[in-house]
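**Q** Sequence and predicted structure below; questions after.
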Amino acid sequence: MNLKLHHINFSTTNVADMDRFYRDVIGLETEEAGLLPPLEKNKGYAGDVAFVTDGDIQVHLAQKDVQAGFKTGQIVNPVVRGHIAYRTDDIDAFKKHLDEQGVAYSDWGNTAVKGWRQLFFYDPDGNVIEVHQVEEG
């Protein structure tokens, strides 16, 4: 079970302004269409998202939605304050690891992103962490 930093997500009330800032001020590029996750906007989170990158790590600029957890029946809502995300090659092993460590998590499955199995949980200070695996096929 390997983990690799994949993206940082910032929640915002103005996706367009954040997109311009991260492209014009920080100098990030718009992520290539083929590298974008296909969003599942009919399963609970229908917010706008812009994707920028430094060439290695993506930044997801997601419309804040304080109701997303309620809409999806999940405890952890990753689009209230944003989150940091890691990609794994074995999400089932990581779930077992969290269980063994006594860490509670929300298993979003592929509710938000088609083809991604996502888990969200809190660090000791309440920061949201995502771990996801890209499903084959």
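**A** The structure has been received and is ready for your questions.
**Q** and for the helix or strand of the chain with the lowest mean pLDDT, what are the contacting residues?
**A** Within the chain, confidence by mean pLDDT, DSSP states H and E is lowest for helix 68-72 among all helices and strands, at a mean of 90. Residues lying outside helix 68-72 but in contact with it, judged by CB atoms under 8 Å, 6 or more residues apart in numbering, are 43-45, 47, 65, 74-80, 106, 108, 111-112. Backbone N, C-alpha and C define where each C-beta goes, glycine included.
**Q** Pull the longest helix seen in the chain out as PDB, backbone CA atoms only.
**A** When the chain is parsed with DSSP state H, its longest helix is helix 91-101. In PDB, the C-alpha atoms belonging to helix 91-101 read as follows (Å, rounded to 0.1, in the frame of the first residue of the first chain):
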ATOM      1  CA  ILE A  91      -7.300   1.200  -0.800                       C
ATOM      2  CA  ASP A  92      -8.600  -1.900   0.900                       C
ATOM      3  CA  ALA A  93      -5.300  -2.400   2.600                       C
ATOM      4  CA  PHE A  94      -5.400   1.300   3.600                       C
ATOM      5  CA  LYS A  95      -8.900   0.900   5.000                       C
ATOM      6  CA  LYS A  96      -7.700  -2.000   7.100                       C
ATOM      7  CA  HIS A  97      -4.700   0.100   8.300                       C
ATOM      8  CA  LEU A  98      -7.100   2.900   9.400                       C
ATOM      9  CA  ASP A  99      -9.300   0.400  11.200                       C
ATOM     10  CA  GLU A 100      -6.200  -1.000  13.000                       C
ATOM     11  CA  GLN A 101      -5.200   2.500  14.000                       C
END
